[in-house]
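**Student:** Show me the folded form of this:
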Amino acid sequence: MNKVNSLEALRQIQVDSARAINLRNVGENPNATVLTVGMGTCGLAAGAREVMLALIDAANANDLLNVSVTAVDCLGFCYAEPMVEVRKPNAEAVRYARVDANMAKDIVEKHVMQDQLLNGALTGKEVPKQ
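**Tutor:** Predicted coordinates:
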């Protein structure tokens, strides 16, 4: 951790921390996009923590204030972890399987920001086995 050498540096840490906390809170905003990461034992073993951090970093880097990144237990398809579900307002949920940090960044920059589905996007509830 870096030393805090000024009041301005301390204020920036406060702003950055508040933004990170906000990204983890769903809140009651019906216009928010929610990115859900399966963080059960299976997800964690497959790398879900790195995926969640990559989603948060990408949302922060793009100043997305209407995006929440949340953790849930297993999404039910252990063989497909890490999984990310994207829930945009007035749209069907989309799940991505076998997500890594690079794909997480693409999910934010392409799916969330540009409404482009990535290869391998899955709608509905079932994830096909590969």
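**Student:** partner residues bridging the nearest residue to residue 86 once chain neighbours are set aside?
**Tutor:** Nearest residue to residue 86, sequence neighbours excluded (CB to CB, 6 or more residues apart in numbering): residue 94, at 4.8 Å. C-beta here means a position set from N, CA and C on the backbone, and glycine is covered the same way. For residue 94, the beta-bridge partners under DSSP bridges are residue 86, residue 123.
**Student:** Report how many residues lie close to residue 94.
**Tutor:** Neighbours of residue 94 under the rule other CB atoms under 10 Å: 18.
**Student:** For it, list the residues it contacts.
**Tutor:** Contact analysis of residue 94 by CB atoms under 8 Å, 6 or more residues apart in numbering lists 85-86, 111, 117, 121-123.
**Student:** Which parts of this protein are strands?
**Tutor:** 33-38, 67-72, 84-87, 94-96, 122-123 (DSSP state E).
**Student:** who wins for proximity to residue 50 among these?
**Tutor:** Using CB to CB as the measure, strand 33-38 is the one of the strands of the chain that comes nearest residue 50, at 10.1 Å.
**Student:** tell me how far that closest one is from the chain's mean position?
**Tutor:** 5 Å (CA atoms, centre = their mean, to the nearest Å).
**Student:** elements contacting it?
**Tutor:** helix 48-61, strand 67-72, strand 84-87 (3 or more CB pairs under 8 Å, 6 or more residues apart in numbering; DSSP states H and E).
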